[in-house]
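Asks: I would like to see how this sequence folds:
(4 chains)
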Number of protein chains: 2
Amino acid sequence: MSRWEPDARGRLLRAALELFAEHGYESTTTAQIAERAGLTKTTLFRLFSDKREIVFQAQDELVALVKRGVDEADVGASPFELMVSGVRVLSGAHVDEHRRTGRILDPILAASPELNERAVFKRFALTVALEKALFNRLVDRWEAGALADLGIRAYYLGYDVWVASDGPAPLTSYVLEQVTHLQGAMQRVTNS
Amino acid sequence: MSRWEPDARGRLLRAALELFAEHGYESTTTAQIAERAGLTKTTLFRLFSDKREIVFQAQDELVALVKRGVDEADVGASPFELMVSGVRVLSGAHVDEHRRTGRILDPILAASPELNERAVFKRFALTVALEKALFNRLVDRWEAGALADLGIRAYYLGYDVWVASDGPAPLTSYVLEQVTHLQGAMQRVTNS
DNA sequence: GTCTATACAATGATAGAC
DNA sequence: GTCTATCATTGTATAGAC
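Replies: Now for the predicted structure:
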């Protein structure tokens, strides 16, 4: 028995997505979002560090996932296998609901430079997390960086295909397909 | 003979760097920067689209440079050589004054999440520009993306070494050294 | 064509009451 | 944990001065 409706974060997120879809990101004020969620601006900024984080905060847990994927890999795993283990756990966390959210969110993102910048920052944070986890498993410094770029690129490419498709295949299968494409490309290109 | 002191942009940049170094980025207001430059807030925002761009606007020309480097490469160049041509022209534009600026700017960047986010965005913009230029030269889609990651990573790694060092060698030599490191790493890692 | 003055909307921080 | 209220700052818009 609490005095307030539960799940303030979720209500704010849903309200924000609705309003952004209706009027665009920039034309929606934080006061409007809070009002639709039955809260005030003050509460919104206590729960989210800024307006962009309403949409992106959920991504922060992905950093822990990619790290866990690398940490859990077998002792004898090669650097490439360590990277694959990271992106496998990362993409394994996405259920079908994320695909629906992505379909709503992606056009909003594309229309807002401000949200785009934050999206790029989150991608970079994922890359750094993967690189550190690989380096921590005694992977060479340059191998760790280059593999992190490759893995996160595969993850984003796979994500785009997954969101655009309707099949029952999980995100992971799309991402692993992209890993194979990129691995082949790198073999061709670095042995010329 | 003009009625105003020339180089308003440069004066604003120098004023901003001084104030950021003295009091930090967040504690410096745009009004203070404008005042030290002998201008008003209105003029500052006419010359720079936002506060962060005072520090980063100069980077925008780098996008054109990396594209030109790829476009100018010989007809028979391999994908890898195209990428190298891009980062060579990119890093060739940095004279020694940029190293001094970098030494002032880097600690300011490191201390400000807001500036950090913009820095990451500019890095991504460079990557996308390189990827597009490579794709435009009929490089395979996956090769273009992976090579762009590799080239821009080499550029940033080389830049860090260059700024920290005192030798007379140009940035380009440091960057090309990093390209070699990353090429070797990718060969080892993708053939396991 | 560049700068200034002024007014204004929105983000985000802060302090105190329930 | 939430609310009201107030505040500084960023960034925009307008109209005009040199």
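Asks: now do the closest residue in space to residue A:103 that isn't next to it in sequence: how many residues are near it, please.
Replies: Sequence neighbours aside, residue A:163 is the residue nearest to residue A:103 in space, at 6.1 Å (criterion: CB to CB, 6 or more residues apart in numbering or on different chains). Bear in mind the C-beta positions are built from the backbone N, C-alpha and C, glycine included. When counting by other CB atoms under 10 Å in any protein chain shown, one arrives at 18 neighbours for residue A:163.
Asks: for residue A:46, same thing?
Replies: Other residues within reach of residue A:46, judged by other CB under 10 Å, total 11.
Asks: in stretch A:55-63, which residues are buried?
Replies: By neighbour count on 16 or more other CB atoms under 10 Å in any protein chain shown, the buried set for stretch A:55-63 is A:55-57, A:62-63.
Asks: what's in contact with that stretch?
Replies: For stretch A:55-63, the surrounding residues in contact (CB atoms under 8 Å, 6 or more residues apart in numbering or on different chains) are A:9, A:13, A:16-17, A:20, A:48, A:90, A:93, A:105, A:108, A:115, A:118-119, A:122, A:125-126, A:129.
Asks: among those, the buried ones, what's the PyMOL command?
Replies: For selection in PyMOL, the members of the contacts of stretch A:55-63 meeting the burial criterion (16+ other CB under 10 Å) are listed in this command:
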select buried, chain A and resi 13+16+17+20+48+90+93+105+108+115+118+119+122+125+126+129
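Asks: dump the buried residues of stretch A:55-63 into JSON lines; add pLDDT and secondary structure as well.
Replies: Compiled in JSON lines, those are given as follows (pLDDT from 0 to 100; DSSP: H, G, I helix; E, B strand; the rest coil):
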{"residue": "A:55", "pLDDT": "96", "secondary structure": "helix"}
{"residue": "A:56", "pLDDT": "96", "secondary structure": "helix"}
{"residue": "A:57", "pLDDT": "95", "secondary structure": "helix"}
{"residue": "A:62", "pLDDT": "97", "secondary structure": "helix"}
{"residue": "A:63", "pLDDT": "98", "secondary structure": "helix"}
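Asks: nearest to DNA strand D, of these?
Replies: Each of the buried residues of stretch A:55-63 was checked against DNA strand D using CB to the nearest atom of the strand; the closest is residue A:57, at 14.7 Å.
Asks: for that closest one, give its distance to chain B.
Replies: Shown here: residue A:57 relative to chain B, a distance of 15 Å by CB to the nearest CB, to the nearest Å.
Asks: do residue A:8 as well
Replies: Distance from residue A:8 to chain B, by CB to the nearest CB: 25 Å.
Asks: quick check: that residue vs DNA strand C, distance?
Replies: Look at residue A:8 and DNA strand C: by CB to the nearest atom of the strand, to the nearest Å, they are 15 Å apart.
Asks: is it true that that residue touches residue A:42?
Replies: No - using CB atoms under 8 Å, residue A:8 is not in contact with residue A:42, being 11.9 Å away.
Asks: neighbour count: these two, which is higher?
Replies: The residue with more neighbours, out of residue A:8 and residue A:42 and counting by other CB under 10 Å, is residue A:8; that gives 17 against 9.
Asks: what residues are up against the more buried one?
Replies: The neighbourhood of residue A:8, defined by CB under 8 Å, 6+ apart, consists of A:37, A:39, A:43, A:47.
Asks: and DNA strand D, which of those reach it?
Replies: When these are checked against DNA strand D using CB under 7 Å from any atom of the strand, the ones in range are A:39, A:43, A:47.
Asks: most neighbours out of these, which is it?
Replies: With neighbours taken as other CB under 10 Å, the top of these is residue A:39, carrying 19 neighbours.
Asks: could you look up the SS state of that one?
Replies: coil (DSSP: H, G, I helix; E, B strand; the rest coil).
Asks: which residues of chain A score low on pLDDT?
Replies: A:1-3 (pLDDT under 70).
Asks: how about the residues of it by chain B?
Replies: When proximity is defined as CB under 8 Å from any CB of the partner chain, chain A approaches chain B at A:78-81, A:117-118, A:120-121, A:123-124, A:140, A:142-143, A:145-147, A:149-150, A:153, A:157, A:178, A:181-192.
Asks: now, of these, which are buried?
Replies: Here the buried ones among the residues of chain A next to chain B, as counted with 16+ other CB under 10 Å, turn out to be A:79-80, A:117-118, A:120-121, A:123-124, A:140, A:142-143, A:145-147, A:149-150, A:153, A:157, A:178, A:181-183, A:185-186, A:188-190.
Asks: after the host helix or strand of residue A:151 comes which helix or strand?
Replies: Assessed by DSSP states H and E, residue A:151 sits inside helix A:141-164. Proceeding C-terminally, helix A:141-164 gives way to helix A:171-190 as the next helix or strand, assigned by DSSP H and E.
Asks: now that following helix against helix B:171-190, angle please.
Replies: Inter-element angle recorded for helix A:171-190 and helix B:171-190: 120 degrees (by axes from the mean of the first three to the mean of the last three CA atoms, to 10 degrees).
Asks: restricting the selection to alpha carbons, write helix A:171-190 to PDB.
Replies: The C-alpha trace of helix A:171-190 is given here as PDB (Å, rounded to 0.1, in the frame of the first residue of the first chain):
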ATOM      1  CA  LEU A 171      18.500 -11.100 -32.700                       C
ATOM      2  CA  THR A 172      21.500 -13.200 -31.900                       C
ATOM      3  CA  SER A 173      21.300 -15.100 -35.200                       C
ATOM      4  CA  TYR A 174      21.300 -11.900 -37.100                       C
ATOM      5  CA  VAL A 175      24.200 -10.500 -35.100                       C
ATOM      6  CA  LEU A 176      26.300 -13.700 -35.600                       C
ATOM      7  CA  GLU A 177      25.700 -13.500 -39.300                       C
ATOM      8  CA  GLN A 178      27.100 -10.000 -39.400                       C
ATOM      9  CA  VAL A 179      30.100 -11.200 -37.300                       C
ATOM     10  CA  THR A 180      30.800 -13.700 -40.100                       C
ATOM     11  CA  HIS A 181      30.500 -11.100 -42.800                       C
ATOM     12  CA  LEU A 182      32.800  -8.700 -41.000                       C
ATOM     13  CA  GLN A 183      35.300 -11.400 -40.200                       C
ATOM     14  CA  GLY A 184      35.500 -12.400 -43.900                       C
ATOM     15  CA  ALA A 185      35.800  -8.700 -44.900                       C
ATOM     16  CA  MET A 186      38.700  -8.200 -42.500                       C
ATOM     17  CA  GLN A 187      40.500 -11.300 -43.700                       C
ATOM     18  CA  ARG A 188      40.300 -10.200 -47.300                       C
ATOM     19  CA  VAL A 189      41.300  -6.600 -46.600                       C
ATOM     20  CA  THR A 190      44.200  -7.100 -44.300                       C
END
